[in-house]
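1. Sharing a model prediction with you, sequence too.
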Amino acid sequence: MLRFSIIIPVFNRPDELRELLTSLTRQTYTNFEVLVIEDGSVERAEDVVVEFASKLAIRYFEKPNSGQGFARNYGFERATGDYFVIFDSDALVPPHYFQTVSQHLAGQWLDAYGGPDRAHPDFTPVQKAISYSMTSPFTTGGIRGSKTNLGGTYHPRSFNMGLSRQVWEKTRGYRLSRMGEDIEFAIRIIESGFTTGLIPDAYIYHKRRTRFAQFYRQLRFFGRARINISRYYPRELKLVHTFPALFTLYVFSVPVWLLISPWLFGLAVAGLLVFSLAILIDATRKESSLYVGLLSVEAAFVQLIGYGIGFLSEGWKRLREPKGFRETGATIDYPS
C-alpha cells in the first residue's frame, strides 16, 4: 500500500492553505503525510497547520525564501513516503484523488504523473474564465490536459504532479527554483529513463488568480520561463511556443493596417472577431453561462498577450546574451 508524501510550498497564502488542507481531510485514501514548506513568508501559515494537527499527519517547516523549486526539494529531503505529490497552495483536491492515483499506479505504474485542472462550481466567474483559458484548445492551454506533450511524451507540471522516491533519488529534484523549473525537471525525469503519463481522473480544482491584472503578470512570467528553458534545452523551444507571441504581434498590428488599407484592417478585425466568437460559444457551452463565456474571451486575450509579451521580452534579452550564457531565474519573485 503506497504511502504518499504531499509537498506544499507556501508563500504568503495562509488562507489558501487552509482550504487545501480542508480538502485533504476528506480523502477516501488516507495513507499520506503532508509537508508544508513556508518559503520565507511574511504572512506565516504555522497557525493554519496547527488547526489540522489532529486531522492530518502534517509537518510544518520554515526556511528562507528560495523559490518554489527549491522549497519542494526541501520537502523531498524530509519526506518519508514512497511516492511524492506536489500541489500548489491554491489547489483544492477532490475526495477521490489519492484513491484514483493509487489504483492507477497499481494497475499501470508511472514513475511520474501529472493530472489536469478544473474549475470548481464555487469559483467566481473570473476564476472560471481564467480556468477555461488555461485549459482551452483555442489557447496554449489545450496541451496541458493531453496525454502527450510536444514530442510524444507527457511532461508533468508541478501544480498537480507526483513522482516516485526513485525519481527523487536519481534526479535530486529541481535544479531551477523559478522561471520554468517544472519544465526543466520534467525533461530530466524523461531523459533519465523514467516513465511518465497523465492520470485523467486525478484532477484538482486550481483557483489560480482572482483578477485579470494578476493573471496577466503570471502569464507574462510563464512566457519568460519558456525562453529561460531554452538556455538549458534549446531543442525544447518549438514553433508552437511562438503562437502567443505571434498572436500578440498580430493584435498590436491591427491599428497599423488601418493606415495601410481599410480592407486589410477589416480583414484583421474579422479574424479577431471569429476567434472571439469561437471562444465565446465554446466557453458558454462548457460553463453553461454567457457571462463566463464573455469573461473567457477577455481571459484568453489576457493569457495570450501576457505570455506573448513575456516571451518576446525575454527572447530579445536572450538574443543579446553571450553565447553559452545561462540564467537560473533564482532572484525573480513569485508572480503576484
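-> Sure, I can see it. Just so you know, these numbers come straight off a predicted model, no measurement behind them. Residues are numbered from 1 along each chain as shown.
2. and residue 80, how many neighbours?
-> 11 (other Cβ atoms under 10 Å). Every C-beta, even on glycine, is put in place using the N, C-alpha and C of the backbone.
3. Now do the contacts for it.
-> Neighbouring residues of residue 80 by Cβ atoms under 8 Å, 6 or more residues apart in numbering: 3, 5, 33.
4. Looking at the residues you listed, which one is closest to residue 221?
-> Of all the contacts of residue 80, residue 221 sits closest to residue 5, with 27.6 Å by Cβ to Cβ.
5. and that closest one, that's in a strand?
-> Yes - counting by DSSP: H, G, I helix; E, B strand; the rest coil, residue 5 is found in a strand.
6. my read: it touches residue 86, true?
-> No - the pair residue 5 / residue 86 is not scored as a contact, 9.8 Å apart, by Cβ atoms under 8 Å.
7. For the longest helix belonging to the chain, list every residue counted as buried.
-> In the chain, taking DSSP state H as the definition, the longest helix is helix 290-319. Within helix 290-319, the residues scored as buried using 16 or more other Cβ atoms under 10 Å are 292-312, 314-315, 318.
8. Same question for stretch 88-105.
-> Quick answer for stretch 88-105 (16+ other Cβ under 10 Å): 88-94, 96-102, 104-105.
9. Mind jotting down where the strands sit in this protein?
-> Secondary structure of the chain (DSSP state E): strands at 4-10, 32-39, 58-63, 83-87, 91-92, 112-114, 117-118, 160-164, 196-198, 204-206.
10. outside of stretch 289-306, which residues touch it?
-> 125-126, 128-130, 132-134, 136, 138-141, 212, 215-220, 222-223, 243-244, 247-248, 251, 276, 279-281, 283-285, 287.
11. Just the ones of those residues in helices?
-> Judged by DSSP H, the contacts of stretch 289-306 include 125-126, 128-130, 132-133, 212, 215-220, 222-223, 243-244, 247-248, 251, 276, 279-281, 283-285, 287 as members of helices.
12. Check residue 126 and give its pLDDT.
-> At residue 126, the predicted lDDT confidence score is 94.
13. I misspoke; the intended subject was residue 158.
-> 85.
14. For the nearest residue to it once chain neighbours are set aside, give its distance to residue 175.
-> Spatially, and ignoring its direct neighbours in sequence, residue 158 is nearest to residue 182 (3.8 Å; Cβ to Cβ, 6 or more residues apart in numbering). Distance, residue 182 to residue 175, by Cβ to Cβ, to the nearest Å: 11 Å.
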